[in-house]
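1. Need the 3D shape of this:
(4 chains)
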Protein chains: 2
Amino acid sequence: MKAVSPYCGPDGEILTIWLGLANNQFGRQRKRHEKILVPISPTETAKMHSNSVTINDIADRAGVSKSTVSRVLNSSSPVHEDKRKAVMEAMKTLGYQPNVFARSLAGGRSMTVGVSTQSVGSPFYDAVAQGVINGFAGTGYSPLFGNGQWQRDLQREVIRTLIGRRVDGLVLIGGNVELEDLNELSQKTPTIMVGRQLPGWEGRSIFIDNVDAGRVATKHLIEHGHRDIAIFKGNIDHPDAIGRYEGYCMALEKAGIALNPELVYQGDFHSQSGVLGVEQLLAKGTHFTAIFAANDMVAFGARLALSRRGIRVPEEVSIVGFDDQPEAALMTPPITSMRQPGFEMGEAAASTLMGLMRDESIEIPHLPAELKIRESVARIR
Amino acid sequence: MKAVSPYCGPDGEILTIWLGLANNQFGRQRKRHEKILVPISPTETAKMHSNSVTINDIADRAGVSKSTVSRVLNSSSPVHEDKRKAVMEAMKTLGYQPNVFARSLAGGRSMTVGVSTQSVGSPFYDAVAQGVINGFAGTGYSPLFGNGQWQRDLQREVIRTLIGRRVDGLVLIGGNVELEDLNELSQKTPTIMVGRQLPGWEGRSIFIDNVDAGRVATKHLIEHGHRDIAIFKGNIDHPDAIGRYEGYCMALEKAGIALNPELVYQGDFHSQSGVLGVEQLLAKGTHFTAIFAANDMVAFGARLALSRRGIRVPEEVSIVGFDDQPEAALMTPPITSMRQPGFEMGEAAASTLMGLMRDESIEIPHLPAELKIRESVARIR
DNA sequence: TGTTGCCATGAAAGCGGTTTCTCCTTATTG
DNA sequence: CAATAAGGAGAAACCGCTTTCATGGCAACA
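-> Take a look at the predicted model:
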């Protein structure tokens, strides 16, 4: 974004380039074998400013055909060193940026990947999205975003739009589109799923084992002497919520603790659920010494509700959250939480997808959930 | 994504279309004036599946030229009702989706907007980004993201890339690129700035008045009897931080309270700053009864540090945060915070930019910061 | 009835690249 | 030394769509 002047490259350095003489009187092209300066013509200056230097301008300036320029650009077939250099110099001088659209139209690849998010402020999914953006940074691929809002038809619409834009690949973050649709879809476009486990998608989906994570979180409470452990479940049809609940049940069973339906609160992933869950337990007079929350927001809500009621955490009630969002470590007391490596999962999605698009054999890194132990769980007396 | 069968549209409904006879023996085109079914040919089926139905296919099926199809598509010039209908039907039957690249290449508009974020988990900026995504949903524009990471050269690179992709407009969320560069840039591409105040950008930048917000937040503390109000400043060169500090000074001055440098802690926008700020005040033995934090994360850090030291909030020390991220309401006690309507700002950016791109006269809605009063501020005895 | 002029529409020329095809040079081989 | 292979580079076709240009038909006007 500096001022552009003849003889200078975009960074202000003096340029020397090959003088190219196209179509001289001998009918064939020639180049002189000394380096000299070729001023940037007024026409060229105008083009540079309006950002419309084309491959033809480069070809003219370098004294070659546009085929050759294209070859240099893609190193798709060998080009004589002299010409290659001339082309490079011309591109640098004129600040050439290939037109992505022309390229995609002709070449078939768009260098764009579609990302379908669900969003609306879910810290975990936001972290994944950030990881994806980050993972594609500097790779030549640009991520195109669409927002599914956890609504099936909207998600389908988003995916349609993305495919309509001829994305080379697709990252789906969460969502609940039917497996059948996804299968059909992924035949046409390389697709990676994040945060959702699907049969037949091994190697193409990145997720943590919610069942096991739920089991570990519950086990942690049991190991601290708790037996009356409440669970605040997430949305009833959400696979993550279902998995975590399953893990909860497994841990209880293994410890020989009977499942008490009174201790199961069916909520969602919002903080309000934490508040309501606590209120309900208290209203019913159910005895509990610990809460396993659907996620951190729910845990925060629960913690607040307990404090409102004058119940101390962790002395009277212990809490385990899920996701380990940054704020968990800042609560009073800091909340023990099952960490999902969202950012890393997003990055992994990006690199895996790039492998997939290149038809390489890919392997998904194992990204385990990890219990971050802090101060919201106390040993029961 | 349903199975595609002849006679059926993408949604499975039975279609009736005009029979188009192209180039019949009379040399001119004809259409019959009764509706009949035209089966989808095997060739067409193949194309539908590989997502490569082109304008030519539509033209053939509808018995018109592709010029006419294009006219229908863009309603750029009047088309006879009969033909228009035939074209519409053909598009529906074949599930036509225009190729964005061809369109952009030929037409000049890409129907894409660039969004430059800074990210790395700043709740406020994430909210803005969400608002932007949301604001463009369903408008035909797709947002393309790039990540500037608060690094000047990276931001420039991102903007270059976005422009290289021929975005029709640009939303810049935060950042610290030089004004000069921005001015040059925005001559070529319609640009909206979010979260940053720039001279000469009135009407094109959406931000809250940080000075006033800082003033109001401080005034709130003063009104509760506080006089020894510590401020934890954000990054030293960050305009938001500077503005808020300025407001803090103004409020003090107006109340006739001398500025005490001991009470000014120069930190950044991370929670760690809150912890360190408190530690430093305590170490120095500086007397303070309130803290105005750079943002909520800092406030959370401060609150935690105070609790570690056994200092009660708000009984002994009051806290005001900034941003009002969702977790602020869930802290114990819930933190009073200056709300920045990030999501709404993002949405406003989207709609303003669309106006700008259409050359309409635009007006930026007034989005004020608002103090969310909760329980972290107590009246001093 | 012979002009004028507008409408609707098809043909064709780009848009800026990639890729195939062809041809001309050189190096390799018997 | 003739014959063949291989390498390098230009011409031209093509990607799917928009837009200009040209034209034929038809209503309006004198």
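2. Can you tell me which residues in the stretch 101-250 of chain A are near DNA strand C?
-> With the criterion set to C-beta under 7 Å from any atom of the strand, the stretch 101-250 of chain A comes near DNA strand C through A:102, A:103, A:105, A:106, A:107, A:108. Where you see a C-beta, it was placed from the backbone N, CA and C, and this is true even at glycine.
3. neighbours around the fourth one, how many?
-> For residue A:106, the number of neighbouring residues by other C-beta atoms under 10 Å in any protein chain shown comes to 11.
4. re earlier: of the residues of the stretch 101-250 of chain A next to DNA strand C, buried ones?
-> Neighbour-count burial (16 or more other C-beta atoms under 10 Å in any protein chain shown) applied to these gives A:102, A:103, A:105.
5. wait, which of those residues is closest to residue A:329?
-> Proximity of those to residue A:329 was ranked by C-beta to C-beta; the top entry is residue A:103 with 46.0 Å.
6. tell me the contacts of the closest one?
-> Residue A:103 makes contact with A:109, A:111, according to C-beta atoms under 8 Å, 6 or more residues apart in numbering or on different chains.
7. now swap in the one 10 residues further on and tell me
-> Contacts here follow C-beta under 8 Å, 6+ apart; on that basis residue A:113 touches A:136, A:141, A:142, A:143, A:144, A:167, A:168, A:169, A:170, A:171, A:350, A:353.
8. Mind doing that once more with 6 Å?
-> Shown in contact with residue A:113 (C-beta atoms under 6 Å, 6 or more residues apart in numbering or on different chains): A:141, A:143, A:167, A:169.
9. do residue A:274 as well
-> Residue A:274 sits in contact with A:298, A:301, A:302, where contact means C-beta under 6 Å, 6+ apart.
10. Could you report the pLDDT at it?
-> On pLDDT, residue A:274 comes in at 98.
11. Kindly report the residues of chain A close to DNA strand D.
-> Listed as neighbours of DNA strand D in chain A under the rule C-beta under 7 Å from any atom of the strand: A:29, A:63-68, A:77-80, A:82-83, A:102, A:105-106.
12. Max pairwise distance over those residues: which two?
-> For the residues of chain A next to DNA strand D, the farthest-apart pair by C-beta to C-beta is A:82 and A:105; their separation is 30.7 Å.
13. Which residue does the stretch 251-381 of chain A have closest to DNA strand D?
-> Closest to DNA strand D within the stretch 251-381 of chain A is residue A:357: 19.6 Å, counting by C-beta to the nearest atom of the strand.
14. Any figure for the gap between the most centrally placed residue in chain A and residue A:296?
-> For chain A, the residue nearest the mean C-alpha position is residue A:132 (2.4 Å; C-alpha atoms, centre = their mean). Residue A:132 sits at a distance of 21 Å from residue A:296 (criterion: C-beta to C-beta, to the nearest Å).
15. same check, this time on residue A:375
-> In terms of C-beta to C-beta, residue A:375 sits 15 Å off from residue A:296.
16. Tell me which of the two has more neighbours.
-> The neighbour comparison of residue A:375 against residue A:296 (other C-beta under 10 Å) goes to residue A:296, with 31 against 15.
17. Mind pulling up the pLDDT for the closest residue to that one other than its chain neighbours?
-> Spatially, and ignoring its direct neighbours in sequence, residue A:296 is nearest to residue A:321 (4.1 Å; C-beta to C-beta, 6 or more residues apart in numbering or on different chains). For residue A:321, the pLDDT comes out at 98.
18. what helix or strand does residue A:321 sit in?
-> strand A:318-323 (DSSP states H and E).
19. Would you mind listing the buried residues in that strand?
-> A:318, A:319, A:320, A:321, A:322, A:323.
20. so what's the first one up against?
-> Contacts here follow C-beta under 6 Å, 6+ apart; on that basis residue A:318 touches A:290, A:377, A:378.
21. Give me the distance from the strand holding residue A:321 to the chain's centre.
-> Once both centres are worked out by C-alpha atoms, centre = their mean, to the nearest Å, strand A:318-323 turns out to sit 25 Å from its chain's centre.
22. now the helices for chain A?
-> Listed in chain order, the helices of chain A (DSSP state H) span residues A:42-49, A:55-62, A:66-74, A:81-94, A:100-107, A:123-136, A:152-164, A:179-188, A:210-223, A:239-254, A:271-284, A:296-308, A:342-357.
23. and the ones you listed, which one's lowest on average pLDDT?
-> helix A:42-49 (a mean of 79).
24. what angle do that one and helix B:179-188 make?
-> Orientation check (axes from the mean of the first three to the mean of the last three C-alpha atoms, to 10 degrees): helix A:42-49 against helix B:179-188 gives 100 degrees.
25. Does chain B have contacts with helix A:42-49?
-> No: between helix A:42-49 and chain B, judged by C-beta under 6 Å from any C-beta of the partner chain, nothing touches; the nearest distance is 8.1 Å.
26. Determine whether any part of that helix lies close to DNA strand C.
-> No: applying C-beta under 7 Å from any atom of the strand, one finds helix A:42-49 separated from DNA strand C by no less than 8.8 Å.
27. Go through that helix and flag the buried ones.
-> So helix A:42-49, judged by 16+ other C-beta under 10 Å, has buried residues A:44, A:47, A:48.
28. Does the second one touch residue A:53 like I think?
-> Yes: under the criterion of C-beta atoms under 6 Å, residue A:47 makes contact with residue A:53 at 5.0 Å.
29. shared neighbours of the two, anything?
-> Between them, residue A:47 and residue A:53 share no contacting residue, judged by C-beta under 6 Å, 6+ apart.
30. got the residues of the stretch 101-250 of chain A near chain B?
-> So the stretch 101-250 of chain A meets chain B at A:101-102, A:104-105, A:119, A:126, A:130, A:133, A:137, A:142-145, A:147, A:164-165, A:181, A:184 (C-beta under 6 Å from any C-beta).
31. same thing with the stretch 251-381 of chain A?
-> Checking the stretch 251-381 of chain A against chain B by C-beta under 6 Å from any C-beta, the hits are A:271, A:300, A:304, A:307, A:327, A:330, A:332.
32. could I get these as CSV with neighbour count and distance to residue A:368?
-> Listed next are these as CSV, based on neighbours: other C-beta atoms under 10 Å in any protein chain shown; distance: C-beta to C-beta, whole Å:
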residue, neighbour count, distance to residue A:368
A:271, 24, 27
A:300, 27, 24
A:304, 22, 30
A:307, 17, 32
A:327, 24, 22
A:330, 23, 24
A:332, 20, 28
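33. Just put those in CSV and tack on distance to DNA strand C.
-> Shown next, in CSV, are these (distance: C-beta to the nearest atom of the strand, whole Å):
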residue, distance to DNA strand C
A:271, 50
A:300, 51
A:304, 57
A:307, 62
A:327, 47
A:330, 50
A:332, 58
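34. so which of the residues you listed comes closest to residue B:246?
-> Lowest distance from residue B:246 to those (C-beta to C-beta) belongs to residue A:330, with 27.5 Å.
35. Find the nearest non-adjacent residue to the closest one, please.
-> residue B:300 (3.9 Å).
36. What separation do you get for residue A:325 and residue A:299?
-> Taken as C-beta to C-beta, the span from residue A:325 to residue A:299 is 10 Å.
37. So between these two, which is more surrounded?
-> residue A:299 (30 against 27).
38. Setting aside sequence-adjacent positions, which residue approaches that one most closely?
-> residue A:321 (3.3 Å).
39. surely that neighbour meets residue A:300?
-> No: applying C-beta under 6 Å as the test, residue A:321 and residue A:300 come out as separate, 7.7 Å apart.
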